[in-house]
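Undergrad: The following block contains a protein sequence and its predicted model.
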Amino acid sequence: MIRSSVQVRLSALDILKRARGYTLPRSTLAPRLFKPVLMLLLSLLLSLVFDQVRVSEGQPRADSARQWYVALDPGHGGKNYGAIDPREEGRYEKQYTLQIANKVSALLKDAQIKVWQSRYKDEPHSLRSRISKASAAGVDLFVSIHINDAYVVGPRGHGTFFLAREAYEESRLRVREFNTEYRGSLFTHSVKQKVKSQQVKEVLLDLIHQRAQHESMHLAHIMNQALELYSPFGTRGVKQGDYGIIKGITTPAIVCEVGFLNHPKEGPFITSKEGMDALSRGIALGILRYLTLRRRADLMIPESLIPPQK
Ligand SMILES: [Zn+2]
């Protein structure tokens, strides 16, 4: 059905009046249009907040003074061991992911990025606490680091994952739940202004969530390309799925599976100092490239992150 622009304009006016406390005569059109029009208006507002506009090289960047804040989540911890290292007794994914995250963190700090880590030692953290605390801290993006393993030895290569569309609704509800739990802190971090209406707040949170999901796709592709420069075992590509660790977050969020721990060649590479150094450079480069390309960050990419010639 096509509605005329006059009707739409009148409805937008009604909405403004309603927001100012006017009582409107009962109409069936206005309530139906309220949410979509509000979402459109707030979406325009959010495009400024999220710095969505792409910039080409050499263009002046607007965010030179901004302090970027990145969340790193070393997968697993405590009794949640993750993949088993078949070559070394007592060594698991949880230890290697922490080592890699520490290295990524050091590289990002060299590039003047502030880093939040979900854990700094071998301790358990529920998925819920990782995501809600990262969101409440007000991070700009969230990267969960994992190492794969296969039931049958053979597969190799890194892959990058972001949330599937089918998981959006659950993720959206989780965002609202976390926001209530943290007394609106997710909201105030995302939009720096006070909004009193509960309905407007919920629409804004939904929009922030939608934007974050869209940006997660970009972050995943940029990250996967950066990792490809540093992993000698090829890429399995970017995929979407229903991943608990990135559900309910209001910032772009991805999972990096840096390779297969039980592959006879890739496993030893991942667990070697050389391999961990290479993979952490790939992850740090992916984050810096994303911030530069998609968020207009004015960052210096350190020389240590210049990719090796293949
Ligand atoms: Zn894992």
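TA: Perfect, I can see it now.
Undergrad: Does stretch 270-289 reach the ion?
TA: No: if you take CB under 5 Å from the ion as the test, stretch 270-289 misses the ion, and the best it gets is 12.3 Å. For every residue, glycine as well, the C-beta is placed using N, CA and C.
Undergrad: can you give me the offset of that stretch from its chain's centre?
TA: 18 Å (CA atoms, centre = their mean, to the nearest Å).
Undergrad: now swap in stretch 171-178 and tell me
TA: Using CA atoms, centre = their mean, the offset of stretch 171-178 from its chain centre is 15 Å.
Undergrad: mean confidence score for it?
TA: Averaged across stretch 171-178, pLDDT comes to 82.
Undergrad: List the neighbours of it that are in contact with it.
TA: 131-132, 135-136, 163, 186, 202, 205-206, 208-209, 213, 246-250 (CB atoms under 8 Å, 6 or more residues apart in numbering).
Undergrad: Show me what from the stretch 101-250 of the chain comes close to the ion.
TA: Counting by CB under 5 Å from the ion, the stretch 101-250 of the chain sits next to the ion at His146.
Undergrad: ok so, going back, please flag which of the contacts of stretch 171-178 sit within helices.
TA: Ile131, Ser132, Ser135, Ala136, Leu186, Glu202, Leu205, Asp206, Ile208, His209, Gln213 (DSSP state H).
Undergrad: Val115 - how many residues pack around it?
TA: When neighbours are counted by other CB atoms under 10 Å, Val115 registers 19.
Undergrad: Helix, strand, or coil at it?
TA: Applying DSSP: H, G, I helix; E, B strand; the rest coil to Val115 yields a three-state assignment of strand.
Undergrad: can you check the one 5 residues further on too?
TA: Going by three-state DSSP, the secondary structure assigned to Tyr120 is coil.
Undergrad: and it, what does it touch?
TA: So Tyr120 contacts Leu98, Asn102 (CB under 8 Å, 6+ apart).
Undergrad: before we move on, the earlier item: could you dump the ones in helices among the contacts of stretch 171-178 into JSON lines and include neighbour count?
TA: Shown next, in JSON lines, are the ones in helices among the contacts of stretch 171-178 (neighbours: other CB atoms under 10 Å):
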{"residue": "Ile131", "neighbour count": "29"}
{"residue": "Ser132", "neighbour count": "22"}
{"residue": "Ser135", "neighbour count": "27"}
{"residue": "Ala136", "neighbour count": "19"}
{"residue": "Leu186", "neighbour count": "28"}
{"residue": "Glu202", "neighbour count": "16"}
{"residue": "Leu205", "neighbour count": "21"}
{"residue": "Asp206", "neighbour count": "17"}
{"residue": "Ile208", "neighbour count": "23"}
{"residue": "His209", "neighbour count": "23"}
{"residue": "Gln213", "neighbour count": "22"}
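Undergrad: In which helix or strand does Pro155 reside?
TA: For Pro155, there is no host helix or strand (DSSP states H and E).
Undergrad: circling back: for the ones in helices among the contacts of stretch 171-178, which one is nearest the ion?
TA: For the ones in helices among the contacts of stretch 171-178, the residue nearest the ion by CB to the ion is Ile131; the value is 15.3 Å.
Undergrad: The closest one contacts Ile246, doesn't it?
TA: Yes: if you go by CB atoms under 8 Å, Ile131 and Ile246 touch, sitting 7.5 Å apart.
Undergrad: Quick check: neighbours shared by the two?
TA: Phe142, Ala253.
Undergrad: bridging residues for the closest residue to the ion within the stretch 151-300 of the chain?
TA: Going by CB to the ion, the ion is nearest to Glu257 of the stretch 151-300 of the chain, at 7.4 Å. Taking DSSP bridges, one obtains His146, Gly159 as the residues bridged to Glu257.
Undergrad: What residues does it make contact with?
TA: His146, Ile147, Asn148, His158, Gly159, Thr160, Phe161, Arg236.
Undergrad: Is it correct that the last one falls within a strand?
TA: Spelled out, it's Arg236. Yes: counting by three-state DSSP, Arg236 is located in a strand.
Undergrad: Tell me which residues touch it, please.
TA: Arg236 touches Pro155, Gly157, His158, Gly159, Glu257, counting by CB under 8 Å, 6+ apart.
Undergrad: now the first one
TA: Listed by CB under 8 Å, 6+ apart, the contact set of His146 reads Gly75, His76, Gly82, Glu93, Thr97, Val255, Cys256, Glu257, Val258.
Undergrad: which SSE is Asn179 in?
TA: helix 168-181.
Undergrad: For that helix, buried residues please.
TA: Tyr168, Ser171, Arg172, Arg174, Val175, Arg176, Phe178, Asn179 (16 or more other CB atoms under 10 Å).
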